[in-house]
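# Sequence and predicted structure are below.
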Amino acid sequence: MSTQLLIYENVVPLSKQRHADWSVEVGKSFGFTRDLNALPLLVAEFGPAHREYPIVFRKVNEQIQPACLLGMREKENLYLTDSEGWSAEYLPAFLRRYPFVFARSQDGKTFTLCIDEAHPGFNQEGDGERLFDQDGEPTPYVKNVLSFLQNFQADQARTQAFCRKLDELEVFEAKNAIWNNPKGEKVALTGMLCVDRKKLTSLPPKVLAGMIESGEMDLIYAHLWSLHNFERFKEGLSRGG
């Protein structure tokens, strides 16, 4: 997981001049995630996500970020079904915002709504949701997308602050997962960071009390509990996949 864009291929600013007659159909096929084995996650998602995905932390571009794992091997997504559907009930926000994304200006003060024109549901046949109405104004659908992305941006800031705090408290421990499948193949997942329980409980009582009050401890326990979802990956390996 080397970039926050991952699934985006041809991102351009959304404009009525370029996209007046275009529509987008989302949520029918997730084939574009076939080569992903992890997705960025927001702390606001830890609650619903921890029931179905292993949540770990990784260092990306010198920043620690949470991720939900999708598979053990590189380019392996165990949540993608044979019919290109999604097998988990909870769909991470990173996928729900696709094919839209904000582009940040160089000074970081302005955000431009963009769309990935490579999205398979991007069309001129009127399938799905129109992007602009007959007067060239953004449709209610696009306005809802803007609201979603603004919330996404705010949650990203909270996520970054949470990760910085855990890093400063030095509670992370590097972890690797290594298994053998029935074919004798060794499968290793490396580069993960997890909160170490011993380091966590060794923090000063005042710090722990503050994390309980702020809800940060709930996030940590959701992360730790989510690691039980590695069993899903073991089942995939046992099938020799």
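Thanks, I have it.
# all strands for this structure, in order.
11-13, 23-24, 38-40, 55-60, 63-69, 100-104, 111-116, 122-123, 129-130, 172-180, 186-195 (DSSP state E).
# for those strands, which one sits closest to Ala88?
strand 63-69 (9.2 Å; C-beta to C-beta). Yep, even glycine has a C-beta here, placed from its N, CA and C like the rest.
# Report the buried residues of the closest one.
Residues of strand 63-69 classed as buried by neighbour count (16 or more other C-beta atoms under 10 Å): 64-69.
# Export the strands of the chain as CSV, with columns for mean pLDDT.
What follows is the strands of the chain, written out as CSV (pLDDT from 0 to 100):
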stretch, mean pLDDT
strand 11-13, 95
strand 23-24, 96
strand 38-40, 95
strand 55-60, 94
strand 63-69, 95
strand 100-104, 92
strand 111-116, 94
strand 122-123, 94
strand 129-130, 96
strand 172-180, 87
strand 186-195, 88
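# would you turn the ones you listed into a markdown table with distance to Phe94?
Converted to a markdown table, the strands of the chain look like this (distance: least, C-beta to C-beta, whole Å):
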| stretch | distance to Phe94 |
| --- | --- |
| strand 11-13 | 14 |
| strand 23-24 | 17 |
| strand 38-40 | 5 |
| strand 55-60 | 13 |
| strand 63-69 | 9 |
| strand 100-104 | 10 |
| strand 111-116 | 13 |
| strand 122-123 | 18 |
| strand 129-130 | 19 |
| strand 172-180 | 22 |
| strand 186-195 | 18 |
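# Which among those strands is found nearest to Arg164?
That would be strand 63-69 among these, by C-beta to C-beta, at 7.5 Å.
# tell me the angle of the closest one relative to strand 55-60?
140 degrees (axes from the mean of the first three to the mean of the last three C-alpha atoms, to 10 degrees).
# Compute the inter-axis angle for strand 63-69 and strand 172-180.
Using the same axes, to 10 degrees: strand 63-69 against strand 172-180 is 30 degrees.
# could you say what helices and strands strand 63-69 packs with?
In terms of contacts (3 or more C-beta pairs under 8 Å, 6 or more residues apart in numbering; DSSP states H and E), strand 63-69 is packed against strand 38-40, strand 55-60, helix 140-168.
# ok now that strand, how far from the chain's centre?
8 Å (C-alpha atoms, centre = their mean, to the nearest Å).
# With stretch 89-99 instead?
Stretch 89-99 sits 7 Å away from the centroid of its parent chain (C-alpha atoms, centre = their mean).
# Dump the C-alpha coordinates for it into PDB.
Written as PDB, here are the backbone C-alpha positions of stretch 89-99 (Å, rounded to 0.1, in the frame of the first residue of the first chain):
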ATOM      1  CA  GLU A  89     -21.300  -6.300   5.100                       C
ATOM      2  CA  TYR A  90     -19.300  -3.200   5.900                       C
ATOM      3  CA  LEU A  91     -17.800  -1.400   2.900                       C
ATOM      4  CA  PRO A  92     -14.800   0.900   3.800                       C
ATOM      5  CA  ALA A  93     -15.300   4.600   3.100                       C
ATOM      6  CA  PHE A  94     -12.200   4.600   0.800                       C
ATOM      7  CA  LEU A  95     -14.300   2.400  -1.600                       C
ATOM      8  CA  ARG A  96     -17.500   4.300  -1.000                       C
ATOM      9  CA  ARG A  97     -16.000   7.600  -2.100                       C
ATOM     10  CA  TYR A  98     -14.700   6.000  -5.400                       C
ATOM     11  CA  PRO A  99     -14.600   7.200  -8.200                       C
END
